[in-house]
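*Asks:* Curious how this folds, go ahead:
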Amino acid sequence: QVQLVESGGGLVQAGGSLRLSCAASARTSDLYIMGWFRQAPGKEREFVTAISRGGSFTSYTDSVKGRFTIRRVNAKNTVYLQMNSLKPEDTAVYYCAATSAAWATDIARRTFGSWGQGTQVTVSS
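*Replies:* Modelled structure (predicted):
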């Protein structure tokens, strides 16, 4: 497993932007698919997005398509989540995660074995 540390969360007004970062403790480029999940108060954790090892493939949950962008810089063992046009319903703790599974169209259903501690994102209306 790889250790993951998120940063970049905070409070933002609706319509604003935030960029989350996830730094890995070890090389991730050819080892792990990276993803972001979120958990809102009183709700189950949900898949947000994932990116393949080389960065060629991405997957997004429908509610963030066109607003969120995932990117990875393998030379830095870091993955980013750019969040634009934020809505109050985006309020949640955001978690970075890694999986050694193969890329697939149903990547959201795969088991992610490594998790960060989470970073709070709060969007005010």
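
*Asks:* alpha carbons only for contacts and neighbour counts from here, please
*Replies:* Noted.

*Asks:* could you list every residue that touches the closest residue to residue 1 other than its chain neighbours?
*Replies:* Spatial nearest neighbour of residue 1, excluding adjacent residues (CA to CA, 6 or more residues apart in numbering): residue 114 at 5.8 Å. Going by CA atoms under 8 Å, 6 or more residues apart in numbering, residue 114 touches 1, 2, 3, 4, 97, 98, 99.

*Asks:* does the nearest residue to residue 118 once chain neighbours are set aside have beta-bridge partners, and which?
*Replies:* Distances taken as CA to CA, 6+ apart put residue 95 closest to residue 118, at 4.4 Å, once the chain neighbours are dropped. Using DSSP bridges, the beta-bridge partners of residue 95 come out as residue 37.

*Asks:* thought residue 95 was touching residue 121?
*Replies:* No. Counting by CA atoms under 8 Å, residue 121 is not a contact partner of residue 95; they are 10.5 Å apart.

*Asks:* Looking at those two, which is more packed in?
*Replies:* Ranked by neighbour count (other CA atoms under 10 Å), residue 95 and residue 121 place residue 95 first, with 26 against 22.

*Asks:* if I look at the more buried one, how far off is residue 115?
*Replies:* As judged by CA to CA, to the nearest Å, residue 95 and residue 115 stand 7 Å apart.

*Asks:* I'd say residue 120 and residue 94 touch.
*Replies:* Yes. Using CA under 8 Å, residue 120 makes contact with residue 94 at a distance of 6.2 Å.
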